[in-house]
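[1] Everything below, folded, please.
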Amino acid sequence: MTIAISIRDTPDGCILPVRVHPGAKRNAITGSHDGALKISLTAPPTDGRANDRLIAFLAERLSVPRSRIDLLTGAASRSKTLRIAGKSAAEIQAALSILC
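    Residues are numbered from 1 along each chain as shown. This next block holds a predicted model:
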């Protein structure tokens, strides 16, 4: 499955838009939503637990340290923007195409 997402390069890595569905039955990449990567998480959307689980989930799936993923926008929203340091947009797109 090919996912159409709008990843863009930055001088130190890339920017990844994400749409989160917290409180799901399982953690999974489920497709795309308006150019963002759609991810289902079992964590509830309270006390930042879904944000923490999102970063841990993506770090594991993309094989990058958690410290390289920063939440830029959307801490209290389903739509979020993440910065992934040290990886280009092409590298992230390739990793996601393998995962899906």
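[2] Any chance you could list what contacts the longest strand along the chain?
    Assignment by DSSP state E gives strand 13-21 as the longest strand of the chain. The contact list for strand 13-21 (Cβ atoms under 8 Å, 6 or more residues apart in numbering) reads 5-9, 30, 32-41, 50, 54, 58, 68, 72, 74, 78-89, 91-92. In short, each C-beta sits where N, CA and C put it, glycine included.
[3] on contacts alone, who are the packing partners of the top helix by length along the chain?
    Of all the segments assigned as helix in the chain under DSSP state H, the longest by residue count is helix 49-62. When contacts are defined as 3 or more Cβ pairs under 8 Å, 6 or more residues apart in numbering; DSSP states H and E, helix 49-62 packs onto strand 13-21, strand 36-40, strand 69-73, strand 79-85, helix 89-99.
[4] quick one: low-confidence parts of this protein?
    1-3, 99-100 (pLDDT under 70).
[5] In ChimeraX, select just the buried ones from the contacts of strand 13-21.
    Here is the ChimeraX command that selects the buried residues among the contacts of strand 13-21 (16 or more other Cβ atoms under 10 Å):
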select :5,7,32,33,36,37,38,39,40,41,50,54,58,68,74,80,82,83,84,87,89,91,92
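[6] Not counting its neighbours along the chain, what's nearest D9?
    Taking Cβ to Cβ, 6 or more residues apart in numbering, and ignoring the residues beside it in sequence, D9 has A89 as its nearest neighbour in space, at 4.7 Å.
[7] Identify the residues contacting that neighbour.
    When contacts are taken as Cβ under 8 Å, 6+ apart, A89 is in contact with I7, R8, D9, C14.
[8] Then I39?
    With contacts defined as Cβ under 8 Å, 6+ apart, I39 is in contact with V18, R19, V20, H21, N27, A28, I29, T30, L54, F57, L58.
[9] Selecting buried members of those in ChimeraX, what would you type?
    Buried residues within those, by 16+ other Cβ under 10 Å, are selected in ChimeraX with:
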select :18,19,20,27,28,29,54,57,58
